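In: what would the 3D arrangement of this be:
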Amino acid sequence: MAAVSIGKAWEEAVAFVAREASLLFPVALLFLALPGLILQEMTPPQLAEWMADPKRTGLPDIPPGFTVAMLLGVIIIWFGSLTLFALALRPGISVGEALRLGFARLPVLLGTALVAMFLIGGLMLAAILVAVLLSLISQPLGASIGAVLGAFVGGATIFASVRLMLLNPAVIDGNQGVIPSLRYAWALTRGCFWRLLGFIILLTLVSGIASLAAQTIFGALAGLAAGPEAARLVGSVVSAAVSTVIQVYMLVMLARIYRQASAG
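Out: The predicted structure follows:
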């Protein structure tokens, strides 16, 4: 594969977003920000409390309607990301063409997600089975090995997530099926794991800090003007908007990184 330059990808992303902002941001707000905001507002209070402090109590009951809405929201967000990648990878394409292409390739992306979930689930099941069998011999041994295997599964999941970071642009830019797309995306990131891991960690930190700062500042101003409920709502909307802007730059950067990697 060709050498990957994060700096070059950033420069190209900034120039592209400045030139095509009128196409990118409406799609991002409609298919990334809005579904996420709706899901946030639909989250049951008990689940929100558990997510803030998962160690305090067991997982609360989740209404079936919320589960369905969450799955639908995730699919819409994935569809939006494919559309944005189409706009970023094919200059001159219209929004309508990008939407149709994203819809046509969405089943492939969903298929790759199912395969990945099956593999990770199988790995987790194998780790649990080994820990249970060892605990029958010695409970301390089973607990120790279980902790080691849990850390291994977590590390393997992170490793696979980074190695498949270019899966979405690979899916939208090609016409391959599920398994060939997974293999191609995996091959594209060979030798770039640490660079891509550093990139995603830095971007996650920047996104988290910027979103939190925007939520705190604008939420406080809205709270002073209209009370706590307005503070929560305004803070959530502004945080989602800031996060969406950063996501657009991230997706365009990944598209440029994909172009660099696929050149080799």
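In: and for residue 127, the neighbour number?
Out: Each residue near residue 127 was counted by other Cβ atoms under 10 Å, and the total is 19. Placement of C-beta: from N, CA and C, glycine included.
In: surely it is in contact with residue 151?
Out: No: in this structure residue 127 lies outside contact range of residue 151 using Cβ atoms under 8 Å: 9.8 Å.
In: spatially nearest residue to residue 237 (excluding sequence neighbours)?
Out: The spatial neighbour of residue 237 that comes closest, neighbours along the chain excluded (Cβ to Cβ, 6 or more residues apart in numbering), is residue 37 at 6.7 Å.
In: please tell me I have it right and that neighbour contacts residue 239.
Out: No: shown here, residue 37 and residue 239 do not form a contact pair, counting by Cβ under 8 Å, at 9.1 Å.
In: now the helices: where do they sit in this structure?
Out: Secondary structure of the chain (DSSP state H): helices located at 6-28, 34-42, 45-52, 64-89, 95-137, 139-163, 167-173, 178-188, 193-226, 228-262.
In: including mean pLDDT, could these go into CSV?
Out: Formatted as CSV, those follow (pLDDT from 0 to 100):
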stretch, mean pLDDT
helix 6-28, 93
helix 34-42, 83
helix 45-52, 67
helix 64-89, 91
helix 95-137, 88
helix 139-163, 83
helix 167-173, 95
helix 178-188, 94
helix 193-226, 85
helix 228-262, 88
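In: which one's more surrounded, residue 37 and residue 239?
Out: Between residue 37 and residue 239, residue 239 has the larger neighbour count (other Cβ under 10 Å), namely 24 against 20.
In: roughly how far apart are that one and residue 155?
Out: Distance of residue 239 to residue 155, computed by Cβ to Cβ, to the nearest Å: 30 Å.
In: also residue 165?
Out: Distance, residue 165 to residue 155, by Cβ to Cβ: 16 Å.
In: and these two? which has more neighbours close in?
Out: Using other Cβ under 10 Å as the criterion, residue 165 and residue 155 rank with residue 165 on top: 21 against 10.
In: most tightly surrounded among the helices of the chain?
Out: Per residue and on average, the most neighbours among the helices of the chain fall to helix 167-173, with a mean of 26 (mean count of other Cβ atoms under 10 Å).
In: so who does the residue nearest to residue 237 touch?
Out: By Cβ atoms under 8 Å, 6 or more residues apart in numbering, the residues touching residue 37 are 236-237, 240.
In: out of the residues you listed, the closest to residue 78 would be?
Out: Among these, residue 240 lies closest to residue 78 (Cβ to Cβ), at 17.2 Å.
In: so what's that closest one up against?
Out: Taking Cβ under 8 Å, 6+ apart, one finds 33, 36-37, 40, 211 in contact with residue 240.
In: from residue 31, how far off is residue 38?
Out: Going from residue 38 to residue 31 by Cβ to Cβ gives 12 Å.
In: dump the contacts of residue 37 into a markdown table; add distance to residue 18 as well.
Out: As requested, the contacts of residue 37 are exported to a markdown table (distance: Cβ to Cβ, whole Å):
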| residue | distance to residue 18 |
| --- | --- |
| 236 | 28 |
| 237 | 24 |
| 240 | 22 |
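In: hang on, isn't residue 206 packed against residue 246?
Out: Yes: the pair residue 206 / residue 246 is scored as a contact, 6.7 Å apart, by Cβ under 8 Å.
In: ok, now how distant is the closest residue to residue 192 other than its chain neighbours from residue 73?
Out: In this structure, residue 192 finds its nearest non-sequential neighbour in residue 4, 5.1 Å apart by Cβ to Cβ, 6+ apart. Residue 4 sits at a distance of 31 Å from residue 73 (criterion: Cβ to Cβ).
In: same question, residue 32
Out: In terms of Cβ to Cβ, residue 32 sits 10 Å off from residue 73.
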